[in-house]
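Please work out how this folds:
(chains A and B)
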Amino acid sequence: EPEVTQTPSHQVTQMGQEVILRCVPISNHLYFYWYRQILGQKVEFLVSFYNNEISEKSEIFDDQFSVERPDGSNFTLKIRSTKLEDSAMYFCASSQGTGYEQYFGPGTRLTVT
Amino acid sequence: RKEVEQDPGPFNVPEGATVAFNCTYSNSASQSFFWYRQDCRKEPKLLMSVYSSGNEDGRFTAQLNRASQYISLLIRDSKLSDSATYLCVVTLWNTGFQKLVFGTGTRLLVSP
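Just a heads-up that it's a prediction; the model follows:
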């Protein structure tokens, strides 16, 4: 069964450093998403991406965040200057279209020290 | 008011029990409704979509009441493997269904 993959599974970084979280969505999917979940809290939407551009972003997704689909398979989330409060599990998801099921990857646990 | 509200639990039930979870949502423009399951430190996985007429999938039954903005999930004959957090999720029309809005989840613990 096709699945969304994410690397790394755990990233530790120092405050102020840049991190890039990587995702490989399901191959025939057209819509891509990033969500985050701070420990003990709910899953929160960050951004959706379609046709090589952001289609929607949340208030959390400020100027320190960016997304990119650098090639035909990868979808990345970059955090330019990490803060302690960026520590969370980051989930990538993909879907065939709007209204279709979003399949989630296993997540990257980001720890900012 | 929270966009999606759930009782956090935990609900502690014995194997074989029937358990029901409820959820309310604040935005009447919400269009699609789901129950996701999340195991500890894992990704959310779709359990079932929720339709206006109500729907059943094996031991699981979901109901939607648009007038009351209320969603429910009933689990019959609970198994140990049902222990997880159950997330109530809605999508909004004005976002083109693209954004999933999650509740904080209800934790279920099924014991032998």
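
Can you name the residues of chain A that neighbour chain B?
A:31, A:33, A:35, A:41-45, A:48, A:50, A:55-56, A:58, A:89, A:91, A:98-99, A:101-102, A:104-107, A:109 (CB under 8 Å from any CB of the partner chain). Every residue, glycine included, has its C-beta placed from N, CA and C.

Any stretches of chain B with poor pLDDT?
Within chain B, the stretches with pLDDT under 70 are B:93-97.

all strands of it, in order?
B:4-6, B:11-14, B:19-25, B:30-38, B:44-50, B:55-57, B:60-65, B:70-75, B:84-92, B:100-102, B:106-111 (DSSP state E).

Give me the buried subset of the residues of chain A next to chain B.
Buried by 16 or more other CB atoms under 10 Å in any protein chain shown: A:31, A:33, A:35, A:42-45, A:48, A:50, A:55-56, A:58, A:89, A:91, A:98, A:102, A:104-107, A:109, out of those.

List the ones among those that fall in strands.
Those of those lying in strands (DSSP E): A:31, A:33, A:35, A:43-45, A:48, A:50, A:55-56, A:89, A:91, A:104, A:109.

just to revisit the earlier point, TSV for the strands of chain B, including distance to chain A and mean neighbour count?
Output for the strands of chain B, formatted as TSV (distance: least, CB to the nearest CB, whole Å; neighbours: other CB atoms under 10 Å in any protein chain shown):
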stretch	distance to chain A	mean neighbour count
strand B:4-6	8	21
strand B:11-14	18	14
strand B:19-25	12	19
strand B:30-38	6	20
strand B:44-50	5	19
strand B:55-57	14	12
strand B:60-65	15	18
strand B:70-75	16	19
strand B:84-92	7	23
strand B:100-102	4	23
strand B:106-111	11	18
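
So for A:L21, which of those strands sits nearest?
In terms of CB to CB, the element of the strands of chain B nearest to A:L21 is strand B:44-50, at 17.2 Å.

OK, contacts around residue 111?
Looking at chain A here, since you left the chain open. Listed by CB atoms under 8 Å, 6 or more residues apart in numbering or on different chains, the contact set of A:T111 reads A:10-13, A:87.

should've been chain B
Contacts of B:S111 (CB under 8 Å, 6+ apart): B:12-15, B:80.

can you rerun that using 6 Å?
B:P14 (CB atoms under 6 Å, 6 or more residues apart in numbering or on different chains).

I'd like the distance between it and B:R59.
With distances taken as CB to CB, to the nearest Å, B:S111 is found 17 Å from B:R59.

Next, the residue lying closest to A:E18 once chain neighbours are set aside: phi, psi?
In space, and not counting its chain neighbours, A:E18 is closest to A:R80: 5.4 Å by CB to CB, 6 or more residues apart in numbering or on different chains. Main-chain torsions, A:R80, degrees, to the nearest 10: phi -70, psi -50.

host element of the residue lying closest to A:I26 once chain neighbours are set aside?
Computed as CB to CB, 6+ apart, the closest residue to A:I26 that is not its neighbour in sequence is A:P2, at 4.6 Å. Under the criterion DSSP states H and E, no helix or strand holds A:P2.

Need the per-residue pLDDT for A:P2.
As predicted, A:P2 sits at a pLDDT of 82.

cool, A:P70 as well?
A:P70 is given a pLDDT of 86.

Give the closest residue to it in space, chain neighbours not counted.
That would be A:T76: by CB to CB, 6+ apart, it lies 6.6 Å from A:P70.

That concludes my questions; thank you for your assistance.
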